[in-house]
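S.K.: With the input below, show me the fold.
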Amino acid sequence: MSKAKPHARRAARSRAFQVLYSFEFSPSASLGALRAAYMAMPEPADMEPNRDEPARPPCGFAWELVEGVWKHAAALDETIGRFSQNWRVDRLGKIELTLLRLALFEMLHRPDVPPKVALNEALELASRFGDDKARRFVNGILDAVIKAADNGSLSPATQA
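M.R.: Sure, this is the predicted structure:
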C-alpha cells in the first residue's frame, strides 16, 4: 500500500475515478485490459507526471484503487444496493455509482484511509464531476455505511 501525501492522494483518486468512470461505458473483461486502459489514460493536470521514468506496469495509489474496485465490484455493488434504499444499483447514475464504489473500496479495504476521509474525498469528487444531487446521494449512502460499521451492523460478508 502506498504512502502518498494527502494532495497526491487526492490527485490519484481523481485519476482512479476517471479511469473507473470510463469503464462504465466499456467494461473491462480482464485485468490485462484494465492495465492497458489505465496506462492509456492521460494523467490529470493535478498529478505530477514522471516523464523521466520509462513506461512500466501500473503502480501507486491510483492503480491500487482502480484494481481494487475492479476486483471487488460485485461485493461493492451489493453493499451499495443494501444502503441505497429504493434504488437498484443498475439504475444509479454512472457518476454516483463510480464515486460510491471508489469510496466504499477505501472504507472497506484500505485500513490506511479513515472512513470519514473516504467520504470527504468522494464528496470533493462529486462536487467536481457531478451535481448537487449526486453529492447529497453519495453523502447519504456513505454516511449510512459509516454508521453501520460503527454500530457493528455492517456484516463481514458485506465487507468482502
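S.K.: By neighbour count, which bits of stretch 142-149 are buried? Give me those.
M.R.: For stretch 142-149, the neighbour count (16 or more other C-beta atoms under 10 Å) marks L142, V145, I146, A148 as buried. Any C-beta I mention is one placed from the backbone N, CA and C, and that applies to glycine too.
S.K.: So for it, mean pLDDT?
M.R.: Mean pLDDT, stretch 142-149: 95.
S.K.: still on that earlier bit, so of the buried residues of stretch 142-149, which ones are in helices?
M.R.: L142, V145, I146, A148 (DSSP state H).
S.K.: who touches the first one in this structure?
M.R.: The neighbours of L142, taking C-beta atoms under 8 Å, 6 or more residues apart in numbering as the test, are L100, A103, L104, M107, A118, L119, A122.
S.K.: pull the helix or strand with minimum mean pLDDT from the chain.
M.R.: Across the helices and strands of the chain, the lowest-confidence element by mean pLDDT, DSSP states H and E is helix 31-40, at a mean of 85.
S.K.: next structured bit after that one?
M.R.: Proceeding N to C from helix 31-40, the next assigned helix or strand is helix 61-71, under DSSP states H and E.
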